[in-house]
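>>> predicted structure and sequence below. I'll ask about it afterward.
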Amino acid sequence: MKQVTIIGTGLIGGSVALALKQHALAERVIGCDRPAVLDVARQRGVIDEGREDPRQACEGSDVVVLATPVGAIIDLIERLGPVLSATTLLTDVGSTKEKIVDRARAVFGERVADRFLPGHPMAGKEVGGIEHADADLFRAAVWLFTPFTRPVPSANVWCGAVRQFGARVIEMEAARHDRLCAWISHLPQFLSTALAATLEEEFGADPDVHAIGGRALKEMTRLADSPYSMWRDIALTNEENLQQALQKTEQQLARLRENLRTRELAEEFEQAKQFRSRNR
């Protein structure tokens, strides 16, 4: 690729830029973000040039990657779709897909399969920002795509680049993507947030809690550091699936509470171990 534009040069967007450079997959990488972010990205060699205006940032690019929160991705499809070159592939890294796919269909119409490739790398950290970008972030991770039809040549080029990053490409329908991600990605975040918030409410700055809390506590609350700005949009665009996951988890917790003194507690542990044994 001669030129790739990345709109949103934070953790994911910055990592995409670094991966492109590490594997020499683009001659030029353009970043689009706030001035302070672009300054850091240039200083770190993440991008070759920074532009604040999304339209200007996309000029002359073979691929444009939308690496912002989901709400902004939906807005950018609306703004950029009508002005992008017909030869430019637009793709995204949003954590939900159905709302994004719906907007792309409305903007691109019958040509949507040629113009837009919905994507979602299952990779990240509990901290965001260009300072934490990592060229190896996607190595051994899954990169999900929810294409409208079989990928067109430009999409195949991008999928090939993603494989060069070290990611494993999986395709599925947008609806299935959102349901699965509600359970395996979004629910763990909300459970971690709930646990950390409950501990804060119950104990606050109690020094003994922080002194004796071991690895289990740190692992279970690690995701609680994640930024609300990203998860707000995920909750808004995957509300029904997330509500179902949370409701069933609430029911499971209630069963655990009710069976603390019964043999059925052992059955719950055995069922949990069965799932864990398949996912080591």
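Sure thing, it's come through.

>>> only C-alpha atoms from now on, for both contacts and neighbour counts.
Noted.

>>> right, and residue 134 touches residue 10 too?
No. The criterion here is C-alpha atoms under 8 Å, and residue 134 misses it with residue 10 at 10.5 Å.

>>> compare those two (neighbour count), which wins?
Ranked by neighbour count (other C-alpha atoms under 10 Å), residue 134 and residue 10 place residue 10 first, with 23 against 19.

>>> how's the chain carved up into domains?
Domain assignment for the chain, taken from automatic domain parsing, gives 3-172, 177-278.

>>> which ones are touching residue 11?
124, 128-134 (C-alpha atoms under 8 Å, 6 or more residues apart in numbering).

>>> residue 105 now?
Going by C-alpha under 8 Å, 6+ apart, residue 105 touches residue 112.

>>> how about JSON lines for the domains of the chain, with mean pLDDT added?
Output for the domains of the chain, formatted as JSON lines (pLDDT from 0 to 100):
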{"stretch": "domain 3-172", "mean pLDDT": "95"}
{"stretch": "domain 177-278", "mean pLDDT": "94"}
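
>>> pick the most deeply packed of those.
For these, ranked by mean neighbour count under the definition mean count of other C-alpha atoms under 10 Å, the leader is domain 3-172 at a mean of 19.

>>> ends of that one, how far apart?
Separation of the first and last residues of domain 3-172 by C-alpha to C-alpha, to the nearest Å is 28 Å.

>>> same check on stretch 76-91?
Span of stretch 76-91 from end to end, C-alpha to C-alpha: 11 Å.

>>> show me the contact partners of that stretch.
Stretch 76-91 is contacted from outside by 54-55, 58-59, 61-66, 103-104, 107-108, 114-119, 154-155, using C-alpha under 8 Å, 6+ apart.

>>> how near is residue 43 to residue 203?
Taken as C-alpha to C-alpha, the span from residue 43 to residue 203 is 42 Å.

>>> which residues in the stretch 1-150 of the chain form helices?
Shown for the stretch 1-150 of the chain, the helices assigned by DSSP state H, counting those that start in this stretch span residues 11-22, 35-43, 54-58, 70-80, 98-108, 112-115.

>>> how about the stretch 151-280 of the chain?
Under DSSP H, counting those that start in this stretch, the stretch 151-280 of the chain gives helices at 153-164, 174-181, 187-203, 207-212, 215-221, 228-237, 239-258, 264-278.

>>> mind putting the ones you listed in JSON lines, distance to residue 21 included?
As requested, these are exported to JSON lines (distance: least, C-alpha to C-alpha, whole Å):
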{"stretch": "helix 153-164", "distance to residue 21": "11"}
{"stretch": "helix 174-181", "distance to residue 21": "29"}
{"stretch": "helix 187-203", "distance to residue 21": "31"}
{"stretch": "helix 207-212", "distance to residue 21": "41"}
{"stretch": "helix 215-221", "distance to residue 21": "32"}
{"stretch": "helix 228-237", "distance to residue 21": "26"}
{"stretch": "helix 239-258", "distance to residue 21": "36"}
{"stretch": "helix 264-278", "distance to residue 21": "36"}
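
>>> of all these, which one comes closest to residue 74?
Between residue 74 and the helices of the stretch 151-280 of the chain, the shortest gap by C-alpha to C-alpha is with helix 228-237, which sits at 10.4 Å.

>>> what angle do the closest one and helix 187-203 make?
Interaxial angle of helix 228-237 relative to helix 187-203 (axes from the mean of the first three to the mean of the last three C-alpha atoms, to 10 degrees): 120 degrees.

>>> other residues contacting helix 228-237?
For helix 228-237, contacts defined as C-alpha under 8 Å, 6+ apart pick out 69-71, 95-96, 98-99, 186, 242.

>>> how near is the closest residue to residue 246 other than its chain neighbours to residue 202?
Nearest non-adjacent residue to residue 246, counting by C-alpha to C-alpha, 6 or more residues apart in numbering: residue 187, 6.9 Å away. Distance of residue 187 to residue 202, computed by C-alpha to C-alpha: 22 Å.
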